[in-house]
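*Asks:* Need the 3D shape of this:
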Amino acid sequence: MEADFFFDRASPADIPLLLNLYDRVYLGRYTMALGTDSHVMRRLLEDSLNAWFVFRTGPHGQLAAAALFEYDLRSDLYKLEGVAVNPEMRQRRLAHRLIDEGIRHLQTIRGKPLSFLS
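*Replies:* Numbering: from 1, shown residues only. The predicted model follows:
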């Protein structure tokens, strides 16, 4: 049976869940602070120009996937970073779906197409 996933914007209250997700996905070897340092995560989450989107599932809102859209004010571009999918939830195109939904959401908020740094 296919799990139900719902799109959400992560908040600082999700930091323990995000840390757990990155640890599980990368087996404790994630090298970027955005997935290992709670202070960096809090700063990114509290900056209203950034958007850390997640798919949740289950009765307790378990994280199935996460992706950070970090805004660069100087260039008016987003950097897509920290895409992770719970190993138990793979093979469901969750990363693709989450990125598409995140882009649609941000375009609606901004009222214009997005530009990305690669």
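*Asks:* Just the buried positions in stretch 15-32, please.
*Replies:* Ile15, Leu17, Leu18, Leu19, Leu21, Tyr22, Val25, Tyr30 (16 or more other Cβ atoms under 10 Å). For the C-beta atoms, the positions are set from N, CA and C on the backbone; glycine is no exception.
*Asks:* Equivalent analysis for stretch 36-44, please.
*Replies:* By 16+ other Cβ under 10 Å, the buried positions in stretch 36-44 come out as Thr36, Met41, Leu44.
*Asks:* Note down every partner strand of the one helix or strand Leu63 maps to and its orientation.
*Replies:* Counting by DSSP states H and E, the element that carries Leu63 is strand 62-72. In the sheet, strand 62-72 lines up against strand 51-57 (antiparallel), strand 77-85 (antiparallel) (DSSP bridges).
*Asks:* what sits against the residue positioned nearest the centre of the chain?
*Replies:* When the chain is reduced to its mean C-alpha position, the nearest residue by Cα atoms, centre = their mean turns out to be Ala67, at 2.3 Å. By Cβ atoms under 8 Å, 6 or more residues apart in numbering, the residues touching Ala67 are Trp52, Phe53, Val54, Leu80, Glu81, Gly82, Val83, Ala84, Ala95, Leu98, Ile99, Gly102.
*Asks:* Nearest residue to it in space, please, no chain neighbours.
*Replies:* Distances taken as Cβ to Cβ, 6 or more residues apart in numbering place Val83 nearest to Ala67, at 4.6 Å, with adjacent residues excluded.
*Asks:* Which residues are in contact with the one you found?
*Replies:* With Cβ under 8 Å, 6+ apart, Val83 has these contacts: Ala65, Ala66, Ala67, Leu68, Ala95, Leu98, Ile99.
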